[in-house]
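Undergrad: this one's structure only:
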């Protein structure tokens, strides 16, 4: 056989191989690539937002990522295993990739103890106060809680259907290591006029083991109203286990200069602190200033109507006063009663809350109102309608005015409730009074 005959089959073979390689490139295209971003299997908690990381596709150096078709049917609100498919086509070639997303319950149940997590048993057997267990998937698991009692603690444990476990512990202290609680009657800051009679309001004390131990309170006081200064009254009490608690009340003995101190450092307003308009001897308002008092008037009418239903008459004696009216009233006091009396009982023009339209004098304009049934009702219920007794007794050096159980100021229910509950003044609530100043 000649050389020509031998070469011919070789050429045919080479051609066939080239054709085969070309067909492979066309059909299978090894240069077309598809790769997942991130892990191929992802586990997320039910209800959690799923953000797919996607994939990348390329042909040689050409980026085809935007041409990827994604099929995503992941429902994160249902437990299960989901497949996300990514497909890229280029010419006659196709590449596919799959990501598995497992939506599972990965969150442990929550156990909430009723009562404290640390309890002084006072040497007695602990009486269970209760507990609840809630799971994000299984709902109420309270009945599945396993309670393990030990001498110094109680262990509460629960598992949800996915095997997530939660455990909380309540510590039992057989010894009484908790301090008693002292509650001052009235306020922790009181003021008394120079050379007046001091009144001790006392305090109450309760203990987690011994109950009411008010009778054990020791009062340490050196208040002397003949001295113009600030005193401290200390209240101490011990329970039967020897735990001691202390509370302090500050007493300011004031003079006329203390009442009028605000007039020496006047701030021209209007001034709002904590979104509350403050008007007193220090904070003034312009001659023509007035706010919208519609809400305050409506609240007052409701207060008066409810008081009437309970047999109390609290008619309005004074509401809005203009600057000129207040000027005339103050000067009349000054002419008839003298400067000192005028400054104790009336505001100088520009310093009266009545000019705002948010203050009202209701009922009997006398200190006697404070001990009358309607005055007591007002003191105990004003906050429910958004009002405070603006010038309470034993707070004169703070407010700058004498006791006026008939003068109410509208500040809104939430703020009024806090002020009345704590037995403080508007100045104390706003943090603008310094007893040592």
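TA: Alright, I've got the coordinates. What you see is a predicted model; the values in this text were computed from it and never measured.

Undergrad: In this structure, where is pLDDT below threshold?
TA: Along the chain, segments meeting pLDDT under 70 span 1-8, 10-28.

Undergrad: Helices of that one, start to end?
TA: 3-27, 256-259, 294-309, 323-337, 339-345, 373-381, 396-399, 413-422, 426-430 (DSSP state H).

Undergrad: mind listing what's buried in stretch 119-136?
TA: The neighbour-count check on stretch 119-136 (16 or more other Cβ atoms under 10 Å) flags 119, 120, 121, 122, 126, 131, 133, 134, 135, 136 as buried. Heads up, the C-betas are built off the backbone N, CA and C, glycines and all.

Undergrad: can I get these in JSON lines with distance to residue 195?
TA: JSON lines is the format used below for these (distance: Cβ to Cβ, whole Å):
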{"residue": "119", "distance to residue 195": "51"}
{"residue": "120", "distance to residue 195": "47"}
{"residue": "121", "distance to residue 195": "52"}
{"residue": "122", "distance to residue 195": "48"}
{"residue": "126", "distance to residue 195": "56"}
{"residue": "131", "distance to residue 195": "59"}
{"residue": "133", "distance to residue 195": "64"}
{"residue": "134", "distance to residue 195": "63"}
{"residue": "135", "distance to residue 195": "69"}
{"residue": "136", "distance to residue 195": "68"}
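
Undergrad: Nearest to residue 164, out of the helices of the chain?
TA: helix 413-422 (39.9 Å; Cβ to Cβ).

Undergrad: domains in this protein, as residue ranges please.
TA: The chain is divided into the following domains under automatic domain parsing: 28-104, 110-173, 181-254, 257-430.

Undergrad: Would you point to the one among those domains that's packed deepest?
TA: domain 257-430 (a mean of 18; mean count of other Cβ atoms under 10 Å).

Undergrad: Run the chain-centre distance for that one.
TA: Offset of domain 257-430 from its chain centre (Cα atoms, centre = their mean, to the nearest Å): 28 Å.

Undergrad: Can you give me the end-to-end span of that domain?
TA: Taking Cα to Cα, to the nearest Å as the measure, domain 257-430 stretches 22 Å from start to finish.

Undergrad: How about stretch 265-281?
TA: Span of stretch 265-281 from end to end, Cα to Cα: 9 Å.

Undergrad: repeat for stretch 180-190
TA: In stretch 180-190, first residue to last residue: 24 Å (Cα to Cα).

Undergrad: For that stretch, report the contacting residues that lie outside it.
TA: Under the contact criterion Cβ atoms under 8 Å, 6 or more residues apart in numbering, stretch 180-190 has outside partners 201-208, 210, 213, 217, 235, 237-239, 243-252, 394-395, 398, 422-424, 428, 435.

Undergrad: List just the nearest of the buried residues of stretch 119-136 to residue 146.
TA: Nearest to residue 146 among the buried residues of stretch 119-136, with distances taken as Cβ to Cβ, is residue 133, at 10.1 Å.

Undergrad: Surely that closest one is in contact with residue 109?
TA: Yes - look at residue 133 against residue 109 with Cβ atoms under 8 Å: they come within range, at 5.3 Å.

Undergrad: can you list residues touching both of those two?
TA: Counting by Cβ under 8 Å, 6+ apart, the residues touching both residue 133 and residue 109 are 141, 158, 166.

Undergrad: excluding its backbone neighbours, what's nearest the first one?
TA: Once its chain neighbours are removed from consideration, residue 141 has its nearest residue in residue 133; the separation is 4.2 Å (Cβ to Cβ, 6 or more residues apart in numbering).

Undergrad: What's the separation between the one you found and residue 342?
TA: 67 Å (Cβ to Cβ, to the nearest Å).

Undergrad: hang on, the earlier thing: beta partners of the residue nearest to residue 141?
TA: Legend: beta-bridge partners of residue 133 under DSSP bridges are residue 111.

Undergrad: and it, what is it in contact with?
TA: 109, 110, 111, 112, 140, 141, 142, 144, 145, 156, 158, 166.

Undergrad: mind running it again at 10 Å?
TA: By Cβ atoms under 10 Å, 6 or more residues apart in numbering, the contact set of residue 133 is 109-112, 139-145, 156-160, 166, 168.

Undergrad: Could you pull out the strands in the stretch 1-150 of the chain for me?
TA: 32-36, 41-45, 55-59, 62-63, 69-72, 80-90, 93-104, 110-113, 118-120, 131-135, 139-140, 146-149 (DSSP state E, counting those that start in this stretch).

Undergrad: Residue 412 is nearest to which of these?
TA: strand 110-113 (32.4 Å).

Undergrad: How about the contacts made by residue 304?
TA: By Cβ under 10 Å, 6+ apart, residue 304 lies in contact with 312, 313, 314, 315, 316, 360, 362, 363, 378, 385.
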